[in-house]
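Q: sequence first, then the predicted structure, then my questions.
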Amino acid sequence: MDRIVQGMHSSEVLKRVREADGYFITNTARDLSQSDFKNRILLHTDLLAGDSRERANYFSLEITGGASVHVDILRKQVDPFLKLKLLREKMPNTLFQTLCRGVNLFGYRPYPQNVIRLTVREFAKYVDVWRVFDFMNHVPNMQAVFEEVQKAGKLLEPSICFSTGPEHTDEYYVKKVGEIIEVTGEEISLCIKNHGGLGTPKRIGELVQAIKDKYPDLVVHYHGHNTDGNDIGRITAAVVNGANIVDAADHAFTGYFGPPPILSVIQTLKDYGYTAVGVDEAAVIETSEVLRDERKYYEYFESQFKGSLPTVQIHKLPGGAMGSSFEQAVKGGFLHRMSEILHEELPKVQKELGNWWSVTPGSQILWTTAVSNVQSGERYGNCSGDLKNLLLGKYGPFPFYCPEDWIYEKAFGPDWRKIVEEQGGVMQIEDIDIDKERSILQDRLGYEPTEQQLVTYLQHPNDAVDFFKFEEKFGKVYVLPPSIFFKRGGFALGEALEFADHNGKGHILEIGPMHKHEDGSTSIYMNVDHHQRVFIMSPEVKEEGAAREVTLSKKEIQELARIGDARAPFGANVCEVSVAVGQEVAVGDKLVVLEAMKMQTPVLAVVAGKVEKIAVKVGDALKVGGKILKISCEGDAAGTQK
């Protein structure tokens, strides 16, 4: 059988998959990076593996999407579009695959329709397979992406998110597949998205068979995680019952919460009489031989918990969130309470909120709610803005049942029924003026942005601008290997760092002296490939992004708010300042928006008056009780600031 190659129309790809004698494999490198290395696998490493991955002849390589687009610019300082261009040079034939969160795109909350469509059009120039999901399995939330992918002639892969419990029946999922097909037609591949690695092999086999019985010509792609150590069993059951494509990853980098090893999948299914179509096993092995020596440089980003977690069947936290959750627990000082959170509170919260699917952004809502409940000692006493939006139905209707009344009352107060009636319903986000946003970006950069820069900016505005300015000042840092990029402990005067780039070309960096100037800036001297370079670093601004130490109780924060002194109700970063000094505000007006663990919560005015002083700006980090702003109102008293 001739190889499936990028550039083929989606209908030809599907035809070849249906006619094949065997199953196909997707290498989910992106998901492996997110699940086991906090999304830190560098482009340099992926480029090293490019040649052998190309020869391995996978159905596709999942290499972008999910949280990786954001982490590319935030932590790895690489343009997500440039990444795809360079990988395409190494891998001219392999289909590139992405994971798209529907209306949430590659972010954490809904975007306007015109932003969604523009983003898909730009990424579709490089991405061939589009896996699209919605954490509520609400088909309308995915429709704009569906339409743009199909217009581009790319392969659309709508997902049904999978979970367990009495509500999660074959009947429910087969009906949901029908709802998708009514919108897309059958010229799609359908993903069973088992993001938590839930259920037994028997359960997955039954689901695949039920879908195939109803839609025998539908291409089914099974995606799972190996958190409990049992995903090869689920993959085997999926293929035996008719799945056409399955997901796995390079064995040199597989860990605990991501996909299982490709070679183990091939070896297991071979014994059942099933062949991985076209896969070159020698190239699969060679890829891991290339990658093996790189893994040690990523050790810092591996999970604090080692080993399989069969208890995922209890807490249902998705593989992509496991590592980051443990990291948050370490930074937040509650690692010792993880067992209580995962095995007691999180399962309780999931059932109370409707037993839907724990995947972005739903997984963050469930996780932050459970953490808050345990940390504060008051269940649902500090509901995030995203949880309130969920209760209001902003993300779509609850698929099985609504939370009980007492949760609504905790979130919205005694008048919750009126609030739900007036504010409830799926979020309708108006289109933005993209030309105006392009002009704003041009002003912030000082030059006319490209369309791809605009797309990146529209999803993550402040982080994108910081990245573009960083790259303008320091150049393309993707050439650095992880041994240097992630080097810890600083650099010694006279230290020479030798490395080869992804093309095998040797380089040397020699660390020279530093000189601090009167204005606080520092000149750093280096020899780069025997050419002297001088880098001038701006002085550090005190408290820039640093959390301010304040100790206030919840009751004290509420009392201060009633006299116009707005304080942070929890530790968070300021992601939006919604008012200006001198502005009149009414009770209920949004003052600022705080973000913690990817969840955004608006701080609302509890008094009417004029904004007298704003103590924060976007990007500031606050601890509980940190000053936000002051509203002049009747009843102000002197000496209330602490």
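A: Structure's in. What do you need? Note that the structure is predicted; figures quoted are calculated from it, not measured.
Q: okay, CA-based contacts and neighbour counts for the rest of this
A: Noted.
Q: okay, which residue is most central for this structure?
A: Residue closest to the average C-alpha location in the chain (CA atoms, centre = their mean): residue 67, at 2.5 Å.
Q: secondary structure element holding the closest residue to residue 255 other than its chain neighbours?
A: Using CA to CA, 6 or more residues apart in numbering and skipping residues adjacent in sequence, the residue nearest residue 255 is residue 36, 5.9 Å away. With secondary structure defined by DSSP states H and E, residue 36 is part of helix 29-37.
Q: ok, then the element right after that helix?
A: Next element after helix 29-37 (DSSP H and E): helix 43-48.
Q: how about residues contacting that following helix?
A: For helix 43-48, contacts defined as CA atoms under 8 Å, 6 or more residues apart in numbering pick out 78, 83, 86-87, 90, 290-291, 294, 478-482, 501-503.
Q: residue 499: neighbouring residues, count only.
A: Residue 499 sits with 17 neighbouring residues when counted by other CA atoms under 10 Å.
Q: quick one, domains of the chain?
A: With domains defined by automatic domain parsing, the chain comprises 10-299, 312-423, 457-537, 554-632.
Q: may I see the ones you listed arranged in CSV, with mean pLDDT as well?
A: Shown next, in CSV, are the domains of the chain (pLDDT from 0 to 100):
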stretch, mean pLDDT
domain 10-299, 97
domain 312-423, 93
domain 457-537, 91
domain 554-632, 88
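Q: quick one: which of these is nearest residue 429?
A: Among those, the nearest to residue 429 by CA to CA is domain 10-299 (5.3 Å).
Q: quick one on the thing from earlier: could you tell me how many residues sit around the closest residue to the residue nearest to the centre of the chain other than its chain neighbours?
A: Of all residues not flanking residue 67 in the chain, residue 106 sits nearest, at 6.1 Å (CA to CA, 6+ apart). Residues within reach of residue 106, counting by other CA under 10 Å, total 25.
Q: please identify the helix or strand for residue 106.
A: Residue 106 belongs to no helix or strand, assigned by DSSP H and E.
Q: residue 66 is in contact with that one, correct?
A: Yes: assessed by CA atoms under 8 Å, residue 106 is found in contact with residue 66 at 5.3 Å.
Q: name the residues contacting each of these two.
A: Common neighbours of residue 106 and residue 66, using CA under 8 Å, 6+ apart, are 99-100.
Q: what about residue 255, distance to residue 225?
A: 10 Å (CA to CA, to the nearest Å).
Q: give me the more crowded residue out of those two.
A: residue 225 (30 against 24).
Q: pretty sure that one sits against residue 258.
A: Yes: Residue 225 is in contact with residue 258 according to CA under 8 Å; the separation is 5.0 Å.
Q: what count of nearby residues applies to residue 91?
A: Counted with other CA under 10 Å, the neighbours of residue 91 add up to 22.
Q: skipping adjacent residues, who's closest to it in space?
A: Closest to residue 91 by CA to CA, 6+ apart is residue 54, at 5.2 Å.
Q: what packs against the one helix or strand the one you found maps to?
A: Following DSSP H and E, one finds residue 54 within helix 50-56. Contact here means 3 or more CA pairs under 8 Å, 6 or more residues apart in numbering; DSSP states H and E; on that basis helix 50-56 packs against helix 80-90, helix 281-292.
Q: quick one, phi/psi of the residue nearest to residue 395 when sequence neighbours are not counted?
A: Nearest non-adjacent residue to residue 395, counting by CA to CA, 6+ apart: residue 426, 5.6 Å away. Here is the backbone geometry of residue 426 (degrees, to the nearest 10): phi -60, psi 140.
Q: what do you get for the one 10 residues further on?
A: According to degrees, to the nearest 10, the main-chain angles of residue 436 amount to phi -70, psi -40.
Q: okay, it and residue 443: tell me how far apart.
A: To residue 443, residue 436 is 11 Å away according to CA to CA.
Q: swap in residue 483?
A: 37 Å.
Q: who's more crowded, the two?
A: residue 483 (15 against 12).
Q: skip the chain neighbours and tell me the closest residue to the more buried one.
A: Distances taken as CA to CA, 6+ apart place residue 297 nearest to residue 483, at 5.7 Å, with adjacent residues excluded.
Q: count the neighbours of that neighbour for me.
A: Neighbours of residue 297 under the rule other CA under 10 Å: 16.
Q: might one say that it is in contact with residue 482?
A: Yes: taking CA under 8 Å as the definition, residue 297 is a contact partner of residue 482 at 5.8 Å.
Q: contacting residues around the helix holding residue 36?
A: Contacts for helix 29-37 (CA under 8 Å, 6+ apart): 39-41, 61-65, 67-68, 249-250, 253-259, 298-299, 301-303, 319-323.
Q: now it: buried residues?
A: For helix 29-37, the neighbour count (16 or more other CA atoms under 10 Å) marks 29-37 as buried.
Q: only alpha carbons, please: show it as CSV.
A: Taking C-alpha atoms only, helix 29-37 is exported to CSV below (Å, rounded to 0.1, in the frame of the first residue of the first chain):
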residue,chain,number,x,y,z
ALA,A,29,4.7,13.4,20.9
ARG,A,30,2.9,16.5,21.9
ASP,A,31,0.7,14.7,24.4
LEU,A,32,3.7,12.8,25.8
SER,A,33,5.5,16.2,26.4
GLN,A,34,2.5,17.7,28.1
SER,A,35,1.7,14.6,30.3
ASP,A,36,5.1,13.6,31.5
PHE,A,37,7.4,16.7,31.0
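Q: on that earlier part again, so the residue nearest to residue 91 versus residue 46, what's the distance?
A: Counting by CA to CA - residue 54 and residue 46 are separated by 11 Å.
Q: these two: which has the busier surroundings?
A: The residue with more neighbours, out of residue 54 and residue 46, is residue 54; 23 against 20, by other CA under 10 Å.
Q: what is the end-to-end distance of stretch 106-122?
A: Distance across stretch 106-122, first residue to last, is 13 Å (CA to CA).
Q: so for that stretch, what gets flagged as buried?
A: Quick answer for stretch 106-122 (16+ other CA under 10 Å): 106-111, 113, 115-121.
Q: among those residues, which are in helices?
A: Among the buried residues of stretch 106-122, the members found in helices (DSSP state H) are 113, 115-121.
Q: before we move on, the earlier item: deepest of the domains of the chain, which one?
A: domain 10-299 (a mean of 21; mean count of other CA atoms under 10 Å).
Q: quick check: the gap between residue 485 and residue 450.
A: Distance from residue 485 to residue 450, counting by CA to CA: 27 Å.
Q: equivalent analysis for residue 442, please.
A: 10 Å.
Q: which residues touch residue 388?
A: Counting by CA under 8 Å, 6+ apart, residue 388 makes contact with 411-412.
Q: that one in helix, strand or coil?
A: Assigned by DSSP: H, G, I helix; E, B strand; the rest coil, the conformation of residue 388 is helix.
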